[in-house]
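following is a predicted model, sequence given first.
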Amino acid sequence: MIRIICLTEVGLQLARRLQHLLSDTESEVCFKPVPFIDSVQAYFKQRDTLIFISATGIVMRTLASVIKDKYKDPAVLVLDENGQFVIPLLSGHEGGANELARQVSNLLENQLVITTANRYLKPVYVVGMGCERHCPEPVLHGLLDECLAKAGLTINDISAITSIDIKSDEVGLMALANHLNKPYLTFDTGQLGLMEERLSTKSDYIFKTVGVYGVAESAALYQAQQMTNNGSELLLNKHKNKQATCSIARSYMQ
């Protein structure tokens, strides 16, 4: 659940606009919640993603007593009420605030302000893909191109294309990787299951079918982490067409 918290009428207009743009995601506009501190802290404790349209100082004073660490706290973003800037304030990498902030920035066409230190390190990008059996290579290629454009990357930025081991012989994925001159790597459910807590969504249907809650995101996250021996994060949450899914993960070389 994304809670969009606003305190002014101008902020309320922006909140409603953002909620409309986030139509594919469950969200709720919270206008002047009462009592304010108790309500906001309750949202935080239940790990709702919080997007504040307010001053940063208000956010920090409100959450100061309940902030624990970047591995447990939910993502927190701050927008100015004119919608000119978006700042991922808490849990930028581990909690997904940086990725959500990029999405919000793209939706509102505003300025993204990221202050986390990892932006100065060398990034590694990995594509994860899943698909129906015998999905044609052009369908996969089209989805990949769409995802690269959304992430602001080119194929030259990508280190590998990955999937689950039951797709190790998937002709379309193998052809795509070969065409793009990229390694094609697959992983078993034990390896991919280690990424479960980092997934943007969890599909019970996929779990019953293949044994993990998400193929594309899990595979990309796992390989990115393997390449750097550091944590990994989703740069682009799972996108899909009628036959395939695609996600892009990132990690950083020390």
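Yes, it's here. The shown structure was predicted, so the numbers you read here are calculated from the model rather than taken from an experiment.

which residues of the stretch 151-254 of the chain score low on pLDDT?
Within the stretch 151-254 of the chain, the set of residues satisfying pLDDT under 70 comprises 254.

now do the helices in the protein.
Defined through DSSP state H, the helices belonging to the chain, from first to last, are 9-21, 36-45, 56-63, 97-108, 137-151, 171-180, 189-193, 204-210, 215-228.

so which of the ones you listed comes closest to residue 82?
Closest of the helices of the chain to residue 82 is helix 9-21, at 7.4 Å (criterion: CB to CB). To be clear about C-beta, it is placed using only N, CA and C from the backbone, and glycine gets the same treatment.

now that closest one: average pLDDT?
Per-residue pLDDT values over helix 9-21 give a mean of 93.

hang on, the earlier thing: dump the helices of the chain into TSV; add distance to residue 84 and mean neighbour count as well.
Listed next are the helices of the chain as TSV, based on distance: least, CB to CB, whole Å; neighbours: other CB atoms under 10 Å:
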stretch	distance to residue 84	mean neighbour count
helix 9-21	10	17
helix 36-45	23	16
helix 56-63	14	15
helix 97-108	9	21
helix 137-151	22	17
helix 171-180	38	18
helix 189-193	39	17
helix 204-210	39	12
helix 215-228	31	26
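
of all the ones you listed, which lies closest to residue 86?
The nearest among those, by CB to CB, is helix 97-108 at 5.0 Å.

let's have the helices of the chain in JSON lines, adding distance to residue 158.
Below are the helices of the chain laid out as JSON lines (distance: least, CB to CB, whole Å):
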{"stretch": "helix 9-21", "distance to residue 158": "27"}
{"stretch": "helix 36-45", "distance to residue 158": "35"}
{"stretch": "helix 56-63", "distance to residue 158": "35"}
{"stretch": "helix 97-108", "distance to residue 158": "17"}
{"stretch": "helix 137-151", "distance to residue 158": "8"}
{"stretch": "helix 171-180", "distance to residue 158": "8"}
{"stretch": "helix 189-193", "distance to residue 158": "19"}
{"stretch": "helix 204-210", "distance to residue 158": "23"}
{"stretch": "helix 215-228", "distance to residue 158": "10"}
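
mind checking these for the one nearest to residue 245?
Ranking those by distance to residue 245, with CB to CB as the measure, places helix 215-228 first at 4.3 Å.

the closest one: how far from the chain's middle?
With CA atoms, centre = their mean, to the nearest Å as the basis, the distance from the averaged C-alpha position of helix 215-228 to the chain average is 13 Å.

also stretch 170-187?
In terms of CA atoms, centre = their mean, the centre of stretch 170-187 is set 23 Å apart from its chain centre.

what's it in contact with?
The contact list for stretch 170-187, computed with CB atoms under 8 Å, 6 or more residues apart in numbering, reads 127, 129, 131, 133-137, 139-141, 144, 155, 158-168, 218-219, 222-223.

and if you look at stretch 76-93?
With CB under 8 Å, 6+ apart as the test, stretch 76-93 has contacts from 6, 8, 10-11, 14, 17-18, 44, 49-54, 56, 59-60, 63, 67, 70, 73-75, 97-98, 100-101, 104-105, 108, 110-116, 118, 231, 233.

what's the closest non-adjacent residue to residue 184?
residue 177 (3.6 Å; CB to CB, 6 or more residues apart in numbering).

any idea how far that neighbour is from residue 163?
Look at residue 177 and residue 163: by CB to CB, to the nearest Å, they are 10 Å apart.

next one: residue 235
For residue 235 relative to residue 163 (CB to CB), the value is 17 Å.

higher neighbour count, the two?
Neighbours were tallied for residue 235 and for residue 163 using other CB atoms under 10 Å; the higher tally belongs to residue 163 (28 against 23).

hmm, residue 127 and the more buried one touching each other?
No - taking CB atoms under 8 Å as the definition, residue 163 is not a contact partner of residue 127, at 9.4 Å.

I'd guessed residue 16 sits against residue 30; true?
No - the pair formed by residue 16 and residue 30 falls short of the contact definition of CB under 8 Å, at 11.7 Å.

per-domain residue ranges of the chain.
Structural domains of the chain, as assigned by automatic domain parsing, span the residue ranges 2-117, 121-253.
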